[in-house]
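Asks: need a 3D model of the following:
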Amino acid sequence: MMRGTDETSGSLFSYVDLEDRIPARHPLRKIRQVVNDALASLDAEFAARSTDFGHPSIAPERLIRASLLQTLFSVRPERQLMEQMQYNLLFRWFVGVGCR
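Replies: Numbers count the residues shown, from 1 in each chain. Model prediction:
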């Protein structure tokens with residue numbers, strides 16, 4: 001058998017959908033559904049507070065989901081939350097950030 005090379009890659013390729021990586025019975029699945037339903041009911045409120053000019057902001061839904069994770073997992077400083085968002089697939093899935 002030919003030995004593969006030990007080269008590092010600049011990017012991670014994954015052919016598995018992030019949705020498939022989270023266990024079906026994970027407790028955050030139910031929480032995420034409740035949160036998404038609540039945020040959907042606030043869509044008109046969010047739209048009324050946005051403008052048509054300037055740079056696009058981070059979606060308020062994502063900020064709220066991230067803040068909820070911060071509370072649920074006792075991640076105190078926001079810097080630590082952002083670090084978790086870089087490599088924690090569960091956090092990325094919950095907030096709605098892809099794996100790019």
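Asks: from here on, just use CA atoms for contacts and neighbour counts.
Replies: Will do.
Asks: buried sites along stretch 68-79?
Replies: 68, 69, 70 (16 or more other C-alpha atoms under 10 Å).
Asks: so for the second one, what's the nearest residue that isn't a sequence neighbour?
Replies: Looking back up the chat, that one is residue 69. Spatial nearest neighbour of residue 69, excluding adjacent residues (C-alpha to C-alpha, 6 or more residues apart in numbering): residue 91 at 7.3 Å.
Asks: OK, contacts around the one you found?
Replies: By C-alpha atoms under 8 Å, 6 or more residues apart in numbering, the contact list for residue 91 reads 66, 69, 84, 85.
Asks: same question for residue 22.
Replies: Residue 22 makes contacts with residue 90, as judged by C-alpha under 8 Å, 6+ apart.
Asks: and the gap between it and residue 92?
Replies: To residue 92, residue 22 is 11 Å away according to C-alpha to C-alpha, to the nearest Å.
Asks: sorry, back to before: in helices, which of the buried residues of stretch 68-79 fall?
Replies: Per DSSP state H, helices hold the following members of these: 68, 69, 70.
Asks: including pLDDT, could those residues go into CSV?
Replies: Below are these laid out as CSV (pLDDT from 0 to 100):
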residue, pLDDT
68, 97
69, 96
70, 96
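Asks: list just the nearest of these to residue 79.
Replies: Distance to residue 79, by C-alpha to C-alpha, is smallest for residue 70 among those, at 10.8 Å.
Asks: the closest one contacts residue 80, correct?
Replies: No: using C-alpha atoms under 8 Å as the test, residue 70 is too far from residue 80 to be in contact (9.2 Å).
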